[in-house]
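**Q** what shape does this take:
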Amino acid sequence: MAVAGHPEFYTRFGFRPILDFGVQHCFDGMPDDVFFLRGLQTTFPDHFENGRLVYSNAFGRQDRFA
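**A** Have a look, this model is predicted:
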C-alpha cells in the first residue's frame, strides 16, 4: 500500500519511506520524504530494483522522469 503524507503520522502504522525500498515517486517538484509503503501481506520485498511509484491519473501529472 502506498500513501503520501506526514512522516510522523504514517510511520506509526508501519509505513516506511519509499527510499528505504529503492523506489522513487513520479511527481515532479514533490519531496521524496512524504511517500511511504507498507506491505499488506506477511512477505513483502525489502527492495524493488528501479522501482517507481505511480498513482492514478486522477492525482495529476506525474512527469518527473519524462
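
**Q** just the helices from this structure, written as ranges.
**A** Listed in chain order, the helices of the chain (DSSP state H) span 7-10.

**Q** contacting residues around stretch 11-28?
**A** 1-4, 7, 32-33, 35-38, 45-55, 59-65 (CB atoms under 8 Å, 6 or more residues apart in numbering). Glycine gets a C-beta too; all of them are placed from N, C-alpha and C.

**Q** ok, of these, which come out buried?
**A** Buried members of the contacts of stretch 11-28, counted by 16 or more other CB atoms under 10 Å: Phe35, Phe36, Leu37, Leu53, Gln62.

**Q** which residue is the nearest non-sequential neighbour of the last one?
**A** The shortest distance from Gln62 to any non-neighbouring residue, by CB to CB, 6 or more residues apart in numbering, is to Cys26 (3.6 Å).

**Q** Glu8 versus the one you found, what's the distance?
**A** Between Cys26 and Glu8 the distance is 24 Å, computed by CB to CB, to the nearest Å.

**Q** so the two - more neighbours on which side?
**A** Cys26 (16 against 7; other CB atoms under 10 Å).

**Q** for the protein, just list every one of the strands.
**A** For the chain, applying DSSP state E gives strands covering 2-4, 16-17, 23-25, 35-37, 51-53.

**Q** can you lay out those as CSV showing mean pLDDT?
**A** CSV is the format used below for the strands of the chain (pLDDT from 0 to 100):
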stretch, mean pLDDT
strand 2-4, 94
strand 16-17, 95
strand 23-25, 94
strand 35-37, 96
strand 51-53, 91
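
**Q** send the alpha carbons of stretch 24-35 over as CSV?
**A** In CSV, the C-alpha atoms belonging to stretch 24-35 read as follows (Å, rounded to 0.1, in the frame of the first residue of the first chain):
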residue,chain,number,x,y,z
GLN,A,24,11.1,6.8,-6.5
HIS,A,25,7.8,8.7,-7.0
CYS,A,26,6.8,10.3,-10.3
PHE,A,27,5.5,13.7,-9.1
ASP,A,28,7.9,16.4,-10.2
GLY,A,29,8.7,19.0,-7.5
MET,A,30,7.4,17.0,-4.6
PRO,A,31,9.8,15.9,-1.9
ASP,A,32,10.7,12.2,-1.5
ASP,A,33,10.1,12.1,2.2
VAL,A,34,6.3,12.3,2.0
PHE,A,35,5.8,9.0,0.3
